[in-house]
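Enquirer: generate a structure from the sequence data that follows.
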Amino acid sequence: MKLHQHNSPPQMLRGNMVANLTTGCPHVIADITPLTLLDYPGKLACILWFNGCNMRCSYCYNADLARRWNCSTLFPANFKEKNLYEFLHVRSRFLNAIVLSGGECTLSPYLPEICNMARSMNYSIKIDTNGTNPQLIRYLVEQDLIQYIALDYKSPYRKFHSITGGSQGLFQAFDQTLSYLIAQQKISFEVRTTVHPDLLNEADIQQIINDLEMRGYQWNYYLQHYFHTDHNMHNLQNPIRRFDPSLLKSKIPIQLRNFKDQRSSVKDKSQVSCFL
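Expert: Numbering: from 1, shown residues only. Modelled structure (predicted):
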């Protein structure tokens, strides 16, 4: 494994995370989940939650985080450690990975240095991303700064704006990222879609499956059922209709997450997994 030598934390991450920052800085760490066994396959990880997002997905349960572009510090104040370097250094004795999420973590100008610092401590790094910064993602992959990506395929193109509020340009950027990740062979990645059955139906998901198959994608495709909170982006309620995975036809493995009481198989596929 290629190690990134970093004998001391980057200047921008030293001390009290730029203690003289008074005007606010976009795309910084809003919160940290100290331990997760679920978010990085096979790893003991923490999650860094980044401020700000360039989408407004209707079902987003991190709406407050996505809307928040400015804050007065680069590190949450509710930890005994004074900065991110100290936090990661202390936990490197029992954690072996970090997840960078949000918001949209690839909007942060600090992301490469944070990854570099974490890699110098031998952390594996996963990012959760909407794929709209293909140049940065390519850089992180080719510099061995990330080891796993969860890429959100929000919807088919025809529903992209209504689901995300995003422009055609954002979909094209996602498209570039997806094409690059399928072609590269350096890291593992997954594609996933959040399903609110009143917003995305079986025909929409089938269209995504067909696109993935056409591109040569052959790894797990995760369908995540909408998770309801009272603070989602567009005040959505629990779905009225039920999503039926048995209507899907797929040559790629489909994994179901949070589909309670639904163990239907996908046609033309010998196995479908269901995480309840």
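
Enquirer: helix, strand or coil: sort out the spatially most central residue of the chain for me.
Expert: By C-alpha atoms, centre = their mean, the chain has its centre lying nearest to Asp128, at 1.5 Å. Under DSSP: H, G, I helix; E, B strand; the rest coil, Asp128 falls in the strand class.

Enquirer: show me the contacts for it.
Expert: Val99, Leu100, Ser101, Gly102, Cys105, Ala150, Asp152 (C-beta atoms under 8 Å, 6 or more residues apart in numbering). C-beta: built from backbone N, CA, C; applies to glycine.

Enquirer: now do Leu44
Expert: Each residue near Leu44 by C-beta under 8 Å, 6+ apart is listed here: Leu35, Leu37, Phe94, Leu95, Asn96, Ala97.

Enquirer: over to Gln147?
Expert: Neighbouring residues of Gln147 by C-beta under 8 Å, 6+ apart: Ser124, Ile125, Lys126, Ile187, Ser188.

Enquirer: the lengthiest helix in the chain - contacts with which helices or strands?
Expert: In the chain, assigned by DSSP state H, the helix with the most residues is helix 168-183. Counting contacts by 3 or more C-beta pairs under 8 Å, 6 or more residues apart in numbering; DSSP states H and E, helix 168-183 is packed against helix 134-142, strand 148-152, helix 157-164, helix 202-215.

Enquirer: show me where this protein has its strands.
Expert: Assigned by DSSP state E, the strands in the chain fall at 29-36, 45-50, 97-102, 124-129, 148-152, 188-195, 221-225, 254-257, 272-275.

Enquirer: rewinding a little: who wins on neighbours among the contacts of Leu44?
Expert: For those, neighbours were counted using other C-beta atoms under 10 Å, and Ala97 has the most, 22 neighbours in all.

Enquirer: please report how far it lies from Val90.
Expert: 15 Å (C-beta to C-beta, to the nearest Å).

Enquirer: before we move on, what about Leu178?
Expert: As judged by C-beta to C-beta, Leu178 and Val90 stand 37 Å apart.

Enquirer: those two: who's more crowded?
Expert: When neighbours are counted by other C-beta under 10 Å, Leu178 and Val90 differ, and Leu178 comes out ahead with 20 against 13.

Enquirer: the more buried one and Phe79, how far apart?
Expert: Plainly put, Leu178 is 35 Å away from Phe79 if you go by C-beta to C-beta.

Enquirer: same question for Leu107.
Expert: From Leu107 across to Phe79, the span is 23 Å (C-beta to C-beta).

Enquirer: then Gln206?
Expert: Note on Gln206: its distance to Phe79, by C-beta to C-beta, is 45 Å.

Enquirer: what's around Gln168, how many residues?
Expert: 10.

Enquirer: neighbouring contacts of the longest helix of the chain?
Expert: Residues contacting helix 168-183 (C-beta under 8 Å, 6+ apart): 54-55, 129-134, 137-138, 141, 149, 151, 153-154, 157, 160-161, 164, 189, 191, 215-217.
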